[in-house]
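In: Okay, structure incoming, though there's no sequence with it:
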């Protein structure tokens, strides 16, 4: 036998987000067999979700009414007793604004990647979901003579975090399409959209060697990360085999990795002077599988020069001048441009995968557009804070948002501030679909794919984890189809991440079982 549940509005946790307005979530049915819509809401969009009745033997116990605070307090106290962690928790109904649970909600805590919730909503509010980055190919030349562009070429980089090597090849192929085989002047790379401070304030030094903390520049090509595959030779003492991938640009590679006997303790190391190329050294044990190795492009200007010179050379386009850096003139001629996917898609990638590079690029882009200056960590901070304060009514007192991604341990926010953003994002008609659709779904995708399978699809939330910090913020559908927003922030003992995540999952499960 099947039960039919009537959900007015967002249908949030059951995969029915698109085209539905979260402002309309005001009613739920206490009797699943009957459902009525008042005249006032009869014009609203309705999503009907069918689910199978669960047999009593498999049904999870419900958490009812006044028992909820006691349940959550018990779960939190059990963790605090073992870890002495600093924990903030806030639960609020999106139907009527009722505060169902609060604990340290005004205490400033380090949010880790739940900070991306603030970056995402500020970007959707100010730039709009349809915003696209544009990378441009410009010239100050007025003529082409015998296939030679009579002037300079400008490659204007906009800080697009999704830009790839193949995108740039397609862009520059427009020169060949116009039968341009030479440039009489210089090729200028305009990277002035963002400042030249590539790493966020107080980023941990060891993080900078990993691609999740790649430099945030106006030039972000393949996430400023180069992958390699290193395979040992079949013969001890011979060089290992270094393989590259066709969708990336690599400078000259010098391979000094040696194959050692099977039981050897080995590793590989990459270093670069991009004027002369990349160097890979170290050793690999014979008979082992290939290792995947990634190189973070730390010398972004050097990489840019090598990349654009390489593309032009490969296309047979001669440059009489130099490949260098410079600002495009005010009234150039447009040769071609490449646009990114819309902001809504970039934010989905950012939140689902907790992508720090996209978050950093959006942070600086907001600073650039909002302040009318090259994007920087400083004006990105001002932009996000002021947008959320003026447009979303968030009380930003004490808010410290330094990098947009949450990588910096010096970021600070409160559960109350995160809740204000979640509340606004849920009810704001022009952005709620893009925001909620982008959140990871428990047991389904993103950073929650392998968590909370027992309540799969009932939770959409952003995770956050750095050393000593675990957080989770988003929405849960209760047992009677009401939507709660929740924030869980833990600042505490290092090495206890698993225990804090277990607590988060228990809290979310308790909320999913809740009945009025």
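Out: Sure thing, it's come through. All figures in this text were calculated on a predicted structure; none of them were measured in a lab.
In: can you give me the strands for the stretch 51-200 of the chain?
Out: Secondary structure of the stretch 51-200 of the chain (DSSP state E, counting those that start in this stretch): strands located at 63-64, 86-93, 99-103, 134-139, 144-145, 148-149, 153-156, 182-183, 187-190.
In: Work out the gap between the last one and the centre of the chain.
Out: For strand 187-190, the distance from its own C-alpha centre to the chain's C-alpha centre is 28 Å (C-alpha atoms, centre = their mean, to the nearest Å).
In: contacting residues around that strand?
Out: 152-157, 218-219, 304-305, 308, 312, 319, 321-328 (C-beta atoms under 8 Å, 6 or more residues apart in numbering). C-beta coordinates here come from the backbone N, C-alpha and C atoms, glycine included.
In: same thing with the fourth one?
Out: Surrounding strand 134-139, the residues in contact under the criterion C-beta under 8 Å, 6+ apart are 149, 151-158, 160, 163, 167-168, 171-172, 174-175, 328, 332-340.
In: All the helices of the stretch 201-350 of the chain, residue numbers only.
Out: Applying DSSP state H, counting those that start in this stretch to the stretch 201-350 of the chain gives helices spanning 300-314, 343-353.
In: With respect to the ones you listed, which exhibits the lowest mean confidence?
Out: The weakest mean pLDDT among the helices of the stretch 201-350 of the chain belongs to helix 300-314, with a mean of 95.
In: what's the following helix or strand after the strand or helix carrying residue 435?
Out: Assessed by DSSP states H and E, residue 435 sits inside helix 432-438. Next helix or strand after helix 432-438 toward the C-terminus (DSSP H and E): strand 459-466.
In: That next one packs against which elements?
Out: strand 469-477, helix 497-512 (3 or more C-beta pairs under 8 Å, 6 or more residues apart in numbering; DSSP states H and E).
In: Please list all residues in contact with the residue nearest to residue 301 when sequence neighbours are not counted.
Out: Leaving aside its chain neighbours, residue 301 sits nearest to residue 325 (6.7 Å; criterion: C-beta to C-beta, 6 or more residues apart in numbering). Residues in contact with residue 325 (C-beta under 8 Å, 6+ apart) are 188, 189, 190, 191, 301, 304.
In: Any of these buried? List them.
Out: Neighbour-count burial (16 or more other C-beta atoms under 10 Å) applied to the contacts of residue 325 gives 188, 189, 190, 191, 304.
In: And for the residue nearest to residue 195 when sequence neighbours are not counted, the neighbour number?
Out: Once flanking residues are discounted, residue 195 sits nearest to residue 376: 4.2 Å by C-beta to C-beta, 6+ apart. Neighbours of residue 376 under the rule other C-beta atoms under 10 Å: 19.
In: give me phi/psi at residue 376?
Out: Backbone torsions for residue 376, taken as degrees, to the nearest 10, come to phi -150, psi 170.
In: just to revisit the earlier point, looking at the helix holding residue 435 now, give me its mean pLDDT.
Out: Averaging pLDDT along helix 432-438 yields 97.
In: mind checking how far that helix is from the chain centre?
Out: Remark: helix 432-438 is offset 14 Å from the chain centroid, using C-alpha atoms, centre = their mean.
In: Show me what it is packed against.
Out: On a contact count with 3+ C-beta pairs under 8 Å, 6+ apart, helix 432-438 meets helix 116-126, helix 343-353, helix 415-427.
In: which of the contacts of strand 134-139 count as buried?
Out: Members of these classed as buried by 16+ other C-beta under 10 Å are 149, 151-158, 160, 163, 167-168, 171-172, 175, 328, 332, 335-336, 338, 340.
In: any idea which of the contacts of residue 325 is closest to residue 249?
Out: Comparing these against residue 249 with C-beta to C-beta places residue 304 closest, at 10.1 Å.
In: ok, that closest one to residue 172 distance?
Out: Residue 304 is 13 Å from residue 172, where distance means C-beta to C-beta, to the nearest Å.
In: Now the spatially most central residue of the chain: closest residue in space, sequence neighbours ignored.
Out: Nearest residue to the geometric centre of the chain (C-alpha atoms, centre = their mean): residue 350, 2.0 Å. Spatial nearest neighbour of residue 350, chain neighbours left out: residue 358 (4.0 Å); criterion: C-beta to C-beta, 6+ apart.
In: Also residue 371?
Out: Setting aside the residues directly before and after it, residue 371 is nearest to residue 379 in space (C-beta to C-beta, 6+ apart), at 4.2 Å.
In: How about the contacts made by the one you found?
Out: Residue 379 neighbours (C-beta under 8 Å, 6+ apart): 367, 368, 370, 371, 373.
In: Just the buried residues of those residues.
Out: Neighbour counting by 16+ other C-beta under 10 Å classes 367, 368, 370, 371 among these as buried.
In: need those in JSON lines with pLDDT, can you?
Out: Putting those into JSON lines (pLDDT from 0 to 100) gives the following:
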{"residue": "367", "pLDDT": "98"}
{"residue": "368", "pLDDT": "98"}
{"residue": "370", "pLDDT": "98"}
{"residue": "371", "pLDDT": "97"}
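In: Looking at those residues, which one is closest to residue 116?
Out: residue 367 (16.1 Å).
In: tell me which element that closest one is part of?
Out: Secondary structure assigned from DSSP H and E places residue 367 in helix 356-371.
In: Low-confidence stretches in the stretch 101-250 of the chain?
Out: Nowhere does the stretch 101-250 of the chain drop to pLDDT under 70.
In: would TSV of the buried ones among the contacts of residue 379 with distance to residue 421 be doable?
Out: Compiled in TSV, those are given as follows (distance: C-beta to C-beta, whole Å):
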residue	distance to residue 421
367	19
368	22
370	17
371	21
